[in-house]
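[1] Sharing a model that was predicted from the sequence below.
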Amino acid sequence: MADSGEHEFGEFGGQYVPEPLLEPLGELAGAFEEIVPTAAFQAEFRAVLEEYAGRPTPLFHAANLGEAYGADIYLKREDLLHGGAHKINNCVGQALLAREAGKERLIAETGAGQHGTATAMAGALFDLDTEIYMGTKDVERQKMNVFRMRLMGAEVNEVTRGGAGLADAVDAALEDFAGNVDDTHYLVGSVVGPDPFPRMVREFQSVIGEEAREQFLDRTDDLPDACAACVGGGSNAMGLFDEFRDDPVAFYGGEGGGEGPDSTSHAAPLSAGSEDVLHGMRTRVIDDDVDVHSVSAGLDYPGVGPEHAMFRAAGRCEYRAITDEEALAAFRDLAELEGIIPALETAHAVALAGQLADEGDHDSILVNLSGRGDKDMQQAAELLSLD
Ligand SMILES: *Cc1c(COP(=O)(O)O)cnc(C)c1O
């Protein structure tokens, strides 16, 4: 493993990758810095987000939920985007960058299939060959998403090694990337991995916070007291936080608390983990004796983006483990009170807003509604009995 010494995130981040990957990562960083700021790139990126993905998304004052919870709650409606979640922002950005950098092929890892699906959309839109790495276990559990990806022309490669899950799919994608850097872009799905991925994904997701900040100011003549988001790898949270980082606005992140941060079944490396190197970055990871688990597949990741590890260390953001049970209660609350069914991931952010409202330290809370719950209906129906 080599590390380039690139440490935008204090002691976290970096490039802990096999030596042959350093040059392609350096080239990618160069392309990102040169191409993305240009007026031409920005114009096309914004136009695709508007015409294809459905931006800007609304800011909704959730008065019923706010009344029940006891605070002024606003929801940034990323659930209304094409594909049903914020993931498309990043996939459009990276696919466009790949095309501009002369790449012909996209590869991506996927766990539950949400990122693979969003990558397949962008691959179809920009006419790039698309291959998705997915663990055999996930392929079996997520047949519909595999079908969706194939329907949009992507090839789905089953990964049988190791535990045949998300972490193994990442390893397979990194190996493919190392062997095919000339024509291939590895479209990483969150603010994770070696530099430049964490800052690049943040850049493409920061459109969330840019819009939300302006919408909130327009509506209230003020900034929110707090921002809350769920944290898997951490991209929807960072996309919301980035624009508010220098404002007097408190940040809260809700991790997949599973059966609780003190149990051996959770996905909460910030609330209950330790520092280590994973997937090319120094960050916080869950401990060895813990099984990665969350009721929501999208939060089910053993690590987290390095900037979140830095925010935690610096006290800029408070991270809490939201248990499966708390998330499911919030999932029901938002459905019943507002007629909005959130993704199970997103329900962690809603539950977090409920805790903050209870504690009474913040009058207004801006919640990133990262995705919609349609994909989770079967699972929710099995977990909740409604009579
Ligand atoms: C994938 C996903 C997440 C988790 O990813 P982050 O990178 O932490 O944002 C959260 N919410 C939804 C709806 C997702 O699909």
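    That came through fine.

[2] With only the CA atoms kept, save stretch 44-51 in PDB.
    What follows is stretch 44-51 as a C-alpha-only set of coordinates in PDB (Å, rounded to 0.1, in the frame of the first residue of the first chain):
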ATOM      1  CA  GLU A  44     -24.100  20.800 -19.100                       C
ATOM      2  CA  PHE A  45     -24.100  19.300 -15.600                       C
ATOM      3  CA  ARG A  46     -26.700  21.800 -14.400                       C
ATOM      4  CA  ALA A  47     -28.800  21.300 -17.600                       C
ATOM      5  CA  VAL A  48     -28.800  17.500 -17.200                       C
ATOM      6  CA  LEU A  49     -29.700  17.800 -13.500                       C
ATOM      7  CA  GLU A  50     -32.600  20.000 -14.400                       C
ATOM      8  CA  GLU A  51     -34.000  18.300 -17.500                       C
END
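
[3] Same question for it: list its buried residues.
    By 16 or more other CB atoms under 10 Å, the buried positions in stretch 44-51 come out as 45, 48-49. (Glycine included, C-beta is placed from N, CA and C.)

[4] same thing with stretch 320-329?
    Residues 320-324, 326-328 are the ones in stretch 320-329 that count as buried (16+ other CB under 10 Å).

[5] Within range of the ligand, give me the residues from the stretch 151-300 of the chain.
    Residues of the stretch 151-300 of the chain found near the ligand (CB under 6 Å from any ligand atom) are 190, 230-236, 298-299.

[6] Could you pick out the one among these with the lowest pLDDT?
    Lowest pLDDT of those: Gly298, 88.

[7] Pull the number of nearby residues for it.
    Gly298: 30 surrounding residues under other CB atoms under 10 Å.

[8] Am I right that it is in contact with His348?
    No: assessed by CB atoms under 8 Å, Gly298 is found out of contact with His348, at 9.8 Å.

[9] Now for the nearest residue to Ala314 once chain neighbours are set aside: which residues touch it?
    Excluding the flanking residues, the one nearest Ala314 by CB to CB, 6 or more residues apart in numbering is Gly10, at 7.6 Å. Gly10 makes contacts with 310, 313-314, as judged by CB atoms under 8 Å, 6 or more residues apart in numbering.

[10] Pipe these into JSON lines and attach neighbour count, secondary structure and pLDDT per row.
    Shown next, in JSON lines, are the contacts of Gly10 (neighbours: other CB atoms under 10 Å; DSSP: H, G, I helix; E, B strand; the rest coil; pLDDT from 0 to 100):
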{"residue": "Met310", "neighbour count": "20", "secondary structure": "helix", "pLDDT": "98"}
{"residue": "Ala313", "neighbour count": "15", "secondary structure": "helix", "pLDDT": "98"}
{"residue": "Ala314", "neighbour count": "10", "secondary structure": "helix", "pLDDT": "98"}
